[in-house]
Each structure stands twice: as C-alpha cells, then as structure tokens.
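Student: got a sequence here, can you model it:
(one chain, ligands or ions: 2)
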Amino acid sequence: MNTHALIDPFQRPITYLRLSVTDRCDFRCTYCMAEEMTFLPKKELLSLEELDRMASAFIGLGVRKLRITGGEPLVRRDILTFFRAMRRHLDSGALDELTVTTNGSQLHRFAADLVEAGVARVNVSLDTLDPDKFRTLTRRGDLAKVLGGIEAAKAAGLRVKINAVALKGVNDDELFSIAEWAAAGDMDLTWIEVMPMGEEGHPDRVDQYWPLDDLRSTLEERYTLAPLSERTGGPARYVRVEETGQKIGFITPLSHNFCESCNRVRMTCTGELYMCLGQEDRADLRRSLRAHPNDDTALVAGIREAITHKPKGHDFDYARQRPDGVPGGQMRRHMSHTGG
Ligand code: SAM
Ligand code: SF4
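Tutor: Ligands and ions are numbered 1, 2, ... in the order given. You can find the predicted model right below:
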C-alpha cells in the first residue's frame, strides 16, 4: 500500500473517490431534484484544471478508483478534456479504475471517447422501461435516447451496469421485466433503496419507500438467488441469479448498515468533501486549492485533516419519522449535490 495512504480513525483505508463535476442535469428525477432548480454560478464550480488537481491529489494519496458523477457528468462542458487527462493515472498504474455514473442521455455522443480515455465500465441509472413513466419520473427524459446510448456504450466496448431506484407504486410492477431486459443485454443490475434527500417533507418519498428485503423476496418467488461474497466497500450486496447467471445488487443504506467497510469519500462540484453520504460533516477543499494555485501542500494537508473526521456510520433512519410526516434523519441537500 502507498505509504502516504489515507487511513481514517476507524482504520479504513480511503481508496475510492466519487467526484461530482456539475450540479446541472438535463433530467429532474422526482426523487433527486425539484421541478425548478437554481443551479450554482459557474465560478462556484471547480474548473476542469481544478478538478484535475483535486483528483490527482487524492490519487497521490492512494485513491485507486475514481467515479465521475453529478448532476449529469456528461452535460458538463468539455468534460472529455478531464477524462482524457485522467488517463495518465491509469497509464502510470496509480489508478485502477476510472468510471462514470450517468443518466445515459448523452452516451450515444460520448461512448467511444470515454473508452479512448480509459473508461471500461459505466453505470447507467434507469428506473423504468416504460417511456411514459420514464418521462414522468425524470420530468423530461427520453427513454429511446437512453436505450440508444446504452447500445452505443456496449458497441464501443463498455461494460454497462444498470442502477434502478426501487419505488413502490412506480416500478414495482417492472421488477422482472427490468431484470430480464438487463440479463438479455448482458448487464448487471443494482437496485437502490430510495433515500430521504432533498425537498424536506416530500410526502411521496416515504410512500414510495420500497425496502429491498421485500423486493428480494419477490425476486425469489421466481428465481434462485445465490449470495455472492463480493464486497466493494460500499453499501451494496450481490447475488447471482442461477437461472440467468446475472448478477443483481442491492444497495440498502437505510435498512442495513455496512459502514464498517466503507472505503469512500465524496466530493461536490464546488470542492466540498463529504466524509459520509449520510452525514452533513464536510470540508471545504476549494479554499486551499484556490489559495495556492501552484502548490498542493495545503490541499494535501486539508485532505488528510478531513479524513480524520470521517464518522463511523451514517444517520439515515426512516423509523424515526415524525408524526407530521417529516422523516427524521432527512438530508436537506439534494443527491445531485454529492452525486449519490
Ligand atoms: N445523473 C447521474 C445519474 O442519474 O446516474 C449521476 C448522478 S445521480 C445523483 C447518481 C445516482 O443517485 C443515480 O443512480 C440516482 O438514481 C441516485 N439517486 C438520486 N436521488 C436518489 C435518492 N433520493 N435515493 C436513492 N438514490 C438516488
Ligand atoms: Fe439528474 Fe441523475 Fe438526479 Fe436524475 S438522478 S435528476 S439524472 S442527477
């Protein structure tokens, strides 16, 4: 291991950075954003050069996996410049994986260039295969375009994993059709429990909460699920569907707590480092970055200091819902801010 490695107070090595490159998005998924969003002024965002310095500083400190997210990362202007620049860390062996989480709307344009930049796998978020439902859920998305993007990604040689947010009363009737579609396209699939982020007091969020234990039991009515021991250091657990060979993941940050093996931190597009998705504690690293344009000493010290504050676990809890319908543990910030 890198002798300068980042180790948090609970002896967890920090090897995974999720970096949000924009707060903007061409969709407005109901569980993620409000209909009317005010986006940040450009000067608040890290520039492409600053994103490079930031990511490179983390890689110098032992981060081996970098996931680019947002907002929608592929709507950030000239983002390919950043991806192309990151390739040097893959080539040098400092970075094991450069990857991206996307809504897929721009994949048809970017797939080949992402491969060129060294990206081997992408996660595409897709919650329904029904075009009308898709438009309602994303408030403006075009399903056909996303499906075309997925095909373009596969044709360019990218491995595609589908992430679907489990929403009771919305996509529970598509549990098998989504699984079968993904299996037929040789794509792994991960279900994500909806998290209480964003608009405070949003009534649907608790109504739509579909615990993944429930989802899993329904899957077992038709499939034989063999648990896999694979761990990614995140809140995902995987099974193999014996009938199709497909891998299905479950991300259950609410009903289970897998914080003990957490290896990751998240950075917002403004350079704030969140040590935990479910906690508000954060460190402003943009200040160190901008105060010393040609010297990363303060930045590296800031990163090290921030990691000493990484908490043991998160605070999400639907069970603490208050009688007025406002979930306890609700995070005020939107998921598009920290990138999920
Ligand atoms: N725009 C990209 C996308 O949708 O893949 C990247 C950013 S998005 C914030 C990252 C992931 O967070 C997506 O898979 C999305 O479904 C998930 N997400 C957003 N809001 C969520 C919520 N309230 N609960 C659970 N997952 C959420
Ligand atoms: Fe945009 Fe992704 Fe949030 Fe949907 S989940 S609004 S695609 S950032």
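Student: from residue 159, how far off is the residue lying closest to residue 153 once chain neighbours are set aside?
Tutor: Nearest non-adjacent residue to residue 153, counting by C-beta to C-beta, 6 or more residues apart in numbering: residue 111, 4.4 Å away. C-beta: built from backbone N, CA, C; applies to glycine. For residue 111, the distance to residue 159 equals 12 Å [C-beta to C-beta, to the nearest Å].
Student: and the two? Which one has more around it.
Tutor: residue 111 (25 against 15; other C-beta atoms under 10 Å).
Student: quick one: that one is in a helix?
Tutor: Yes: judged by DSSP: H, G, I helix; E, B strand; the rest coil, residue 111 forms part of a helix.
Student: report the contact partners of the residue in the stretch 151-300 of the chain that ligand 2 sits nearest to.
Tutor: Nearest residue of the stretch 151-300 of the chain to ligand 2: residue 165, at 8.0 Å (C-beta to the nearest ligand atom). If you count contacts by C-beta atoms under 8 Å, 6 or more residues apart in numbering, residue 165 has them with 31, 125, 127, 171, 191-194.
Student: buried residues, stretch 269-285. List them.
Tutor: 269-279, 282-283, 285 (16 or more other C-beta atoms under 10 Å).
Student: sorry, slip of the keys, the one I care about is stretch 235-243.
Tutor: Those would be 235-241, for stretch 235-243 by 16+ other C-beta under 10 Å.
Student: kindly report the same for stretch 103-111.
Tutor: 103-108, 110-111.
Student: check stretch 126-141 too.
Tutor: 126-130, 133-134, 137-138, 141.
Student: stretch 210-226 now?
Tutor: Applying 16+ other C-beta under 10 Å to stretch 210-226 flags 210-212, 215-216, 219, 223, 225 as buried.
Student: can you list the residues you listed in a markdown table and add secondary structure, distance to ligand 2 and pLDDT?
Tutor: What follows is these, written out as a markdown table (DSSP: H, G, I helix; E, B strand; the rest coil; distance: C-beta to the nearest ligand atom, whole Å; pLDDT from 0 to 100):
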| residue | secondary structure | distance to ligand 2 | pLDDT |
| --- | --- | --- | --- |
| 210 | coil | 17 | 91 |
| 211 | coil | 20 | 90 |
| 212 | helix | 18 | 93 |
| 215 | helix | 19 | 96 |
| 216 | helix | 23 | 96 |
| 219 | helix | 23 | 97 |
| 223 | coil | 27 | 96 |
| 225 | strand | 27 | 97 |
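Student: can you put the residues you listed in TSV and add distance to ligand 1?
Tutor: Listed next are these as TSV, based on distance: C-beta to the nearest ligand atom, whole Å:
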residue	distance to ligand 1
210	11
211	13
212	11
215	14
216	17
219	19
223	23
225	22
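Student: how about low-confidence regions in this structure?
Tutor: Applying pLDDT under 70 to the chain picks out residues 1-3, 196-205, 253-258, 314-340.
Student: repeat the analysis, applying 80 as the threshold.
Tutor: 1-4, 196-206, 230-235, 253-260, 277-279, 314-340 (pLDDT under 80).
Student: biggest strand in it, by residue count?
Tutor: strand 159-166 (DSSP state E).
Student: what pairs with it, parallel or antiparallel?
Tutor: Note on strand 159-166: by DSSP bridges, its sheet partners are strand 121-125 (parallel), strand 188-193 (parallel).
Student: so residue 192 bridges to which residues?
Tutor: Going by DSSP bridges, residue 192 forms beta bridges with residue 165, residue 251.
Student: from residue 252, how far out is it?
Tutor: For residue 192, the distance to residue 252 (C-beta to C-beta) stands at 8 Å.
Student: what do you get for residue 99?
Tutor: 21 Å.
Student: please list all residues in contact with the closest residue to residue 208 other than its chain neighbours.
Tutor: Using C-beta to C-beta, 6+ apart and skipping residues adjacent in sequence, the residue nearest residue 208 is residue 167, 4.6 Å away. Listed by C-beta under 8 Å, 6+ apart, the contact set of residue 167 reads 31, 127, 137, 194, 208, 210.
Student: what's the closest of those to residue 40?
Tutor: When the contacts of residue 167 are ranked by distance to residue 40 (C-beta to C-beta), residue 31 comes first, at 20.8 Å.
Student: great, nothing more from me.
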